[in-house]
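*Asks:* got a sequence here, can you build the structure:
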Amino acid sequence: KDLCAPLGDGVHLRPNTPPADMATMYQAADMMAHASLREPFGIALIEAMACGVPVIGHGGHEVTGWIIGEGGTTVDMTLPGALASTISQWIANPSLVADLGQAARQRALGNFSPATIVPLYRQLYDRVFGG
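*Replies:* The predicted structure follows:
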């Protein structure tokens, strides 16, 4: 909270938001930045993308780029100004943000929906248990 104070009224922290309210929050956003330098698997990225929100993630992990695909971009969050530059470019190009949002939703539905994931888990379990 203290780190965000210099940003003024433009930043709103919502800790412990109930899961049922998350879709509404994502849908109110123009974009989502996930600035964590260590993220083993970004569920928040997929949640935002499923709501049609383009995402920006840290480029330091290959899996982050794989999750995001065409639904946003990665930047090196350790470089001063890298995230701000990307956000500024997106703000200046609303049609790009709209296109990325559509691509984000399609990526989430195509790669991470239950219809896609459940059969993959079943295949894995069959291999593990010799089925």
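*Asks:* report the central residue of this protein.
*Replies:* Closest residue to the average C-alpha location of the chain: residue 45 at 2.2 Å, with CA atoms, centre = their mean.
*Asks:* ok, it to residue 93 distance?
*Replies:* Residue 45 is 21 Å from residue 93, where distance means CB to CB, to the nearest Å. C-beta here means a position set from N, CA and C on the backbone, and glycine is covered the same way.
*Asks:* other residues contacting the helix or strand of the chain with the lowest mean pLDDT?
*Replies:* Scoring the helices and strands of the chain by mean pLDDT, DSSP states H and E places helix 19-27 at the bottom, with a mean of 89. Residues outside helix 19-27 that contact it (CB atoms under 8 Å, 6 or more residues apart in numbering): 14, 17, 32, 47, 48, 50, 51, 52, 53.
*Asks:* restricted to strands, list the residues you listed.
*Replies:* residue 32 (DSSP state E).
*Asks:* among the contacts of helix 19-27, which one sits closest to residue 115?
*Replies:* Minimum distance to residue 115 across the contacts of helix 19-27 is 12.9 Å, recorded for residue 50 (CB to CB).
*Asks:* for the closest one, what are its contacts?
*Replies:* Neighbouring residues of residue 50 by CB under 8 Å, 6+ apart: 26, 105, 108, 109, 112.
*Asks:* next, count neighbours for the closest residue to residue 17 other than its chain neighbours.
*Replies:* Counting by CB to CB, 6 or more residues apart in numbering, residue 25 is the residue found nearest to residue 17 once chain neighbours are left out, at 6.4 Å. Residue 25 is flanked by 16 other residues according to other CB atoms under 10 Å.
*Asks:* so how far is residue 107 from residue 25?
*Replies:* From residue 25 to residue 107 the distance is 20 Å (CB to CB).
*Asks:* just residue 2 next, same as before
*Replies:* Computed as CB to CB, the residue 2 to residue 107 distance reads 35 Å.
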